[in-house]
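Asker: Make a model of this:
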Amino acid sequence: MLRIPAILLCAALALAGCTSAPAPIDTPSAAARMPEQALAPVILISIDGFRNDYLERGLTPTLSTMVATGARAEYMRPSYPSITFPNHYTLITGLRPDHHGVIANFMTDPAIPDVRFSMFDPATVRDERWWDDGKPLWTSVREQGGRAAAMFWVGSEAPVHGARPEFWRPFDIKVSSQQRVQQVLEWLALPAAQRPHFITLYFDKVDTQGHRYGPDSAELNNSLGEVDSAIGELLAGIRAQGLQQQVNIVVTSDHGMTATSPAKQIFLDDIVDVSKLDFGWTGAYASFNVLPGGEMAARQLLAGSHPHIQCMTREQIPARFEYGHHRRVPAYICTAELGWQVTTRQAEKRKGHELLGEHGYDNALPDMYSPFIGYGPAFAPGVTIAPIDNVDVYPLLARLLNITPARNDGNPRHTDAALKH
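Answerer: From the prediction side, this is the model:
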């Protein structure tokens, strides 16, 4: 399965038949419920592809106000690989991709034979088998007597561990940023006995414009303003409902973005015969398994020294990536230098147009960093904490919700200084 650019997600998901109509609402069991006051509303916002230093461009006054009156981290490191599905599922489970199993936007699994997971395929996106290695926070909220809602989030369309959020919407690119905010405000306006305690809110525009036009483009800057304005509408709506002393908000992203160009493409076809290699991903890195007869091509890639890329087996992936042990990770990976792409001619033909921005690189590179902002009554005003990993967001959210977290890779001490005491 070849790497398909994020910008094509728009059309693909629309063609897949996603609609903006609310999905059926599941009713939690009558198990012991937590007192309403124990679960003040918490909103987790992801601005896909929002690089940490975008905050310094002076184009996001709402986010700047949230930083000034709330808490932020110097930066937040994504998990490897720095792509969308793995990192959104990490944010909601607190697990590294190697542990929650969503190791890429496209993948195969020997335990699910003859099926390829694709971010574009509603049938696989809604198949809980791909998600059950992790437990999303909304599931734990429900298990412990709370209610949850997802205004789009990776994993929210499948009944993971037997349940979706009570309120959820299938992803629809046509739903505007303002409409997404309006839905969240409608949920918050419900009577206290029905109101969700935990809500996710997802914006894709910044990532889409970053891929197509590059991180330094006017189009990208315009998207920053659009999303910032929508978040401003969210804050105004919360104030209008009198909930500003109850609602806590965490704003973050799945990864950053770096500039690239067609001149910085490495075609594996020019090095080996790729016809017997089964690619799971191409772009900032290429991952693949071998088909019968493909062993020689894999050995050639491993043995050679190739400018701007490094090829290895999954066992040779650096330990600091904490990646490569899950059964779904392909046997081979070739990583590219920042700004370069490793691909095949077939992948580029399917893509149909050039990309001027990319992510998926080493998660220790600043261009891949995301922001972390905490805003609301629980957060200390004007505080900047040390850098955190994105696995640290999950235990913080569980703490804000006053629930017992599921097993996770985060450390609650890393965000302790962001909170009032």
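Asker: just how off-centre is the helix of greatest length in the chain within its chain?
Answerer: The longest helix of the chain (DSSP state H) is helix 218-240. Averaged C-alpha coordinates place helix 218-240 at 19 Å from its chain's average position (Cα atoms, centre = their mean, to the nearest Å).
Asker: got the contact list for it?
Answerer: 43, 45, 47, 50, 54, 57, 59-63, 66, 177-178, 180-182, 184-185, 188, 201, 203, 205-206, 208-210, 212-214, 244, 247, 251, 357 (Cβ atoms under 8 Å, 6 or more residues apart in numbering). In short, each C-beta sits where N, CA and C put it, glycine included.
Asker: Write a PyMOL command that selects only the buried members of these.
Answerer: Burial among those is assessed by 16 or more other Cβ atoms under 10 Å; the matching PyMOL selection reads:
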select buried, resi 43+45+47+50+54+59+60+62+63+66+177+180+181+182+184+185+188+201+203+205+206+208+209+210+212+213+214+247+251+357
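Asker: In strands, which of the contacts of helix 218-240 fall?
Answerer: 43, 45, 47, 201, 203, 251, 357 (DSSP state E).
Asker: Pull the contacting residues for the second one.
Answerer: Taking Cβ under 8 Å, 6+ apart, we find I45 in contact with 200-203, 231, 249-252.
Asker: try 6 Å
Answerer: Applying Cβ atoms under 6 Å, 6 or more residues apart in numbering, we find I45 in contact with 201, 251.
Asker: Make residue 1 into 405 and carry on from there
Answerer: From this message on, residue numbering opens at 405, which makes the last subject I449.
Asker: Model confidence score at it, please.
Answerer: Looking at I449, its pLDDT reads 99.
Asker: From V588, how far out is it?
Answerer: To V588, I449 is 9 Å away according to Cβ to Cβ, to the nearest Å.
Asker: what is in contact with the two at once?
Answerer: Common neighbours of I449 and V588 (criterion: Cβ under 6 Å, 6+ apart): L605.
Asker: can you give me the mean pLDDT across the longest helix of the chain?
Answerer: Averaging pLDDT along helix 622-644 yields 98.
Asker: C-alpha coordinates for it, CSV please?
Answerer: Taking Å, rounded to 0.1, in the frame of the first residue of the first chain, the C-alpha atoms of helix 622-644 are listed here in CSV:
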residue,chain,number,x,y,z
ALA,A,622,0.2,32.4,2.6
GLU,A,623,-2.3,29.5,2.4
LEU,A,624,-0.9,27.9,5.5
ASN,A,625,-1.0,31.3,7.3
ASN,A,626,-4.6,31.8,6.3
SER,A,627,-5.5,28.4,7.8
LEU,A,628,-3.9,29.4,11.1
GLY,A,629,-6.2,32.4,11.3
GLU,A,630,-9.3,30.3,10.4
VAL,A,631,-8.7,27.7,13.1
ASP,A,632,-7.7,30.3,15.6
SER,A,633,-10.9,32.2,15.0
ALA,A,634,-13.0,29.1,15.4
ILE,A,635,-11.3,28.4,18.8
GLY,A,636,-12.1,32.0,19.7
GLU,A,637,-15.8,31.2,18.9
LEU,A,638,-15.5,28.2,21.2
LEU,A,639,-14.2,30.3,24.1
ALA,A,640,-16.9,32.9,23.6
GLY,A,641,-19.6,30.2,23.6
ILE,A,642,-18.3,28.7,26.8
ARG,A,643,-18.4,32.1,28.4
ALA,A,644,-21.9,32.7,27.1
